[in-house]
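Visitor: Return atomic coordinates for the entry below.
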Amino acid sequence: MKPFRFVTTILSFLAANVLAEDIKREMPKENVVEIPAISDGLCVHNLFQSNMVIQRDKPVTIWGWAMPNDTITVSFAGQNETATTGDNRGWKVTLAPLPANNEAQTLIVKSANSTITLENILIGDVWILGGQSNMEHPLSRVESGSLEIVSAHFSNIRILTVPAQNGPDIKPGFPRLHEWSGWFGRHFRKGDWDICSPEIARELSAIGYVFARRLHMATQIPIGVIDASRGGTTVETWTPDTILRTMETDVVKAKLAEWDEKVAAFNPQEDLENRIANHHRWVENMQKQGREIPKDRTVPTDLRPGPAMDQNRPGNCYASMIAPLAGFAVKGAIFHQGYNNALGSGSAGAAMYREIFPKMITAWRIAFNNPEMPFGIISLCTAGAPQTRDNYLEAMMNDGMAIREAQYQTFLEFYKAKDQHIGFASSYDKRRSWYHPQMKLPVGERIAKWALATQYGFERDIKWKPPMLTDMKVESGRLVLHLDSHVRAANDGAIEGFAIAGEDRRFQPANADYLEIGKDNKNRPKLDRRALVLTSPLVSNPVHFRYAWGRNPMGNLHVADHNDIPFATQRSDSWKIEEVPVAFPGDDKLSAKDLARRHRNEAKKLLRLDDIGRRLAEAQAFIDAHQASYETEREKWEAKFNAGKSKQ
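Guide: Below you'll find the predicted structure:
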């Protein structure tokens with residue numbers, strides 16, 4: 001996309017945030033108004049604009065560019081600081097921390113010949129929204145989003161969406177522009193701070209909007225959200241390349257080597273020649289069919305950058321979308337991602353995620369100059385057909401659960417290390433078959449609970465932490481799980497979602513009951529609602545369990561204190577995806593990828609058979625339990641009916 005730059009007056013017009021709606025919505029794809037990341041002459045980083053929120057209670061660092069050897073004066077909230085630019089044109093000043101303030105203030109930046117005035121600035125808390133399309137998914141496209149949109153009159157919530165950039169080089173800033181979305185077939189205005197209104201909120205991340213709304217309503221301080229999410233991205237692209245290069249694990253080294261090879265092998269001229277040949281073949285085929293050639297379909301002439309600029313090249317999104325924000329004071333971040341890491345990567349991909357994700361979190365904390373920066377993890381959402389009793393085992397063959405497990409294990413790693421600022425929220429119970437499940441509002445509410453409880457002093461009023469497993473005992477014919485809180489089925493029915501297996505690795509759905517710990521004075525069983533007993537008539541000696549182990553899983557276990565906080569996706573075994581239910585033999589003639597594909601196909605067949613076998617066993621058990629009484633009762637009813645009929 002080549003930006004079309006208007007003259008300075010038009011740039012000023014855009015900077016004032018008064019772009020007309022007809023320009024905003026109807027602008028042709030090739031004509032994109034852009035304010036560059038670094039302008040000629042005096043400018044501030046595009047993070048600093050009218051209508052922004054500045055982070056409270058932290059030093060206020062403001063930076064930008066001007067002519068070499070120019071003296072810059074920054075005035076804000078009664079403070080004045082000066083800096084002198086060097087040969088690189090850069091300048092930076094730091095003001096003393098300021099308390100939250102709902103009153104609009106003005107920031108003035110002066111050089112020898114220019115003045116920049118930024119107005120309507122508030123002081124409050126700023127949160128980063130990170131991840132991929134399920135974080136990016138706008139309020140206008142979720143269930144009940146229209147109600148939120150018409151209610152979105154919050155002048156003290158401010159919104160900034162970061163434009164997507166590409167490449168491995170660290171970007172010093174980001175442009176302000178209208179970014180074309182092929183998915184939605186329209187431009188989205190990105191790079192500008194906006195005041196929350198129905199028209200603005202409709203394009204914001206649904207999760208981010210609800211999160212910001214709850215924080216603002218509870219605290220009454222200004223809240224800013226910076227959406228730096230990007231659809232179709234992996235965890236490794238959000239992690240600095242320099243950090244990834246220090247990791248000695250085989251799966252990470254293999255991933256980096258794979259990308260290095262792709263980048264080195266790409267030849268732009270050969271790529272262009274292949275595209276031209278493909279175009280001519282396509283035209284020839286269209287002509288044979290007597291079909292019209294679209295006017296905009298022309299012979300390719302451009303040299304593409306290839307894998308080097310791919311958004312999922314390790315480190316690229318960090319360099320392009322997080323690094324430009326580095327040094328800006330923020331309160332914290334929330335992160336919702338995982339879909340692209342769950343696309344058939346198997347146990348190696350899940351292991352890589354588990355190794356990289358903690359490094360990514362630490363790198364983000366370093367980028368924002370806060371080693372204890374609050375970081376809330378939202379686990380991978382649902383996709384695909386719902387898991388039921390009929391397809392229970394077959395639905396367990398999916399990489400998504402291993403990614404969810406890696407996310408939860410990452411949370412536990414920080415949490416058990418006494419990190420007071422790590423958060424977690426499951427999203428698997430907000431079930432939809434589309435890979436963009438539209439139940440986003442409850443997910444935003446759930447991660448807001450964590451933030452309010454841990455960062456805003458509402459820990460006595462709001463519960464956020466999922467029930468945690470404290471111990472598992474393997475007993476004769478059953479597993480006993482001890483938890484740190486009382487739990488219940490969310491729908492007040494039977495507890496669902498557990499599966500157990502013996503040493504043979506053949507899982508079956510488990511019955512889950514509370515542990516009986518004695519009798520009361522009326523000889524009724526006393527139950528420990530913090531302990532569950534897992535059994536199955538088809539698993540005589542269970543040794544391991546899995547919970548919510550499906551991409552769109554059964555699983556209804558929640559805390560029992562009027563909160564919708566689920567037990568997280570987890571397991572007690574460490575068996576590889578490729579080794580359940582059995583480890584298939586290797587084949588020297590097949591690549592690792594083809595061998596994994598064969599395993600999946602064969603494993604699904606076996607799991608499907610196990611599902612059928614269980615259903616047959618359950619049907620036979622039902623027949624055995626009810627056949628005799630059914631026949632007796634049926635005979636009694638018929639005799640009674642016939643006796644009454646004979647009297648007539």
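Visitor: so residue 52 sits right up against residue 159, yeah?
Guide: No: counting by CB atoms under 8 Å, residue 52 does not reach residue 159; the two are 10.0 Å apart. The C-beta positions use only the backbone N, C-alpha and C, and glycine is treated the same way.
Visitor: Now do the shared contacts for these two.
Guide: Both residue 52 and residue 159 are contacted by 193, 224, under the criterion CB atoms under 8 Å, 6 or more residues apart in numbering.
Visitor: Of those two, which one has the most company?
Guide: residue 159 (27 against 22; other CB atoms under 10 Å).
Visitor: which residues pair with the more buried one across the strands?
Guide: For residue 159, the beta-bridge partners are residue 194, residue 225 (DSSP bridges).
Visitor: And residue 536, by the same measure?
Guide: residue 539.
Visitor: who touches it in this structure?
Guide: Contacts of residue 536 were listed using CB under 8 Å, 6+ apart, and they are 500, 508-511, 542.
Visitor: Show the pLDDT at residue 279.
Guide: Residue 279 is assigned a predicted lDDT (pLDDT) of 96.
Visitor: Please apply the same query to residue 603.
Guide: Here, the pLDDT recorded for residue 603 equals 89.
Visitor: what's the spacing between it and residue 405?
Guide: Remark: distance between residue 603 and residue 405 (CB to CB, to the nearest Å) = 18 Å.
Visitor: Can you read off the backbone torsions of residue 120?
Guide: As for residue 120, its main-chain torsions (degrees, to the nearest 10) stand at phi 60, psi 40.
Visitor: Quick check on the closest residue to it other than its chain neighbours: phi, psi?
Guide: Closest residue to residue 120 apart from its sequence neighbours, by CB to CB, 6 or more residues apart in numbering: residue 104 at 4.5 Å. Residue 104 adopts backbone torsions of phi -60, psi 140, taken as degrees, to the nearest 10.
Visitor: Run through the neighbouring helices and strands of the helix ranked longest in the chain.
Guide: As assigned by DSSP state H, the longest helix anywhere in the chain is helix 592-647. Where contact means 3 or more CB pairs under 8 Å, 6 or more residues apart in numbering; DSSP states H and E, helix 592-647 is packed against strand 508-509.
Visitor: Run through who's touching stretch 557-571.
Guide: With CB under 8 Å, 6+ apart, stretch 557-571 has contacts from 379, 401, 404-405, 408, 424, 426, 428-429, 442, 446, 449, 463-467, 469, 483, 485-490, 495-497, 512, 529, 544-549, 553, 555-556.
Visitor: Now, of those, which are buried?
Guide: Among the contacts of stretch 557-571, those buried by neighbour count (16 or more other CB atoms under 10 Å) are 379, 401, 404-405, 408, 424, 426, 428-429, 442, 446, 449, 463-467, 469, 483, 485, 487-488, 490, 495-497, 512, 544-549, 553, 555-556.
Visitor: hang on, the earlier thing: isn't the residue nearest to residue 120 up against residue 155?
Guide: No: the pair residue 104 / residue 155 is not scored as a contact, 9.5 Å apart, by CB under 8 Å.
Visitor: can you confirm residue 450 is in a helix?
Guide: Yes: assigned with DSSP: H, G, I helix; E, B strand; the rest coil, residue 450 falls within a helix.
Visitor: Any idea how many residues pack against it?
Guide: That count, for residue 450 with other CB under 10 Å as the rule, works out to 24.
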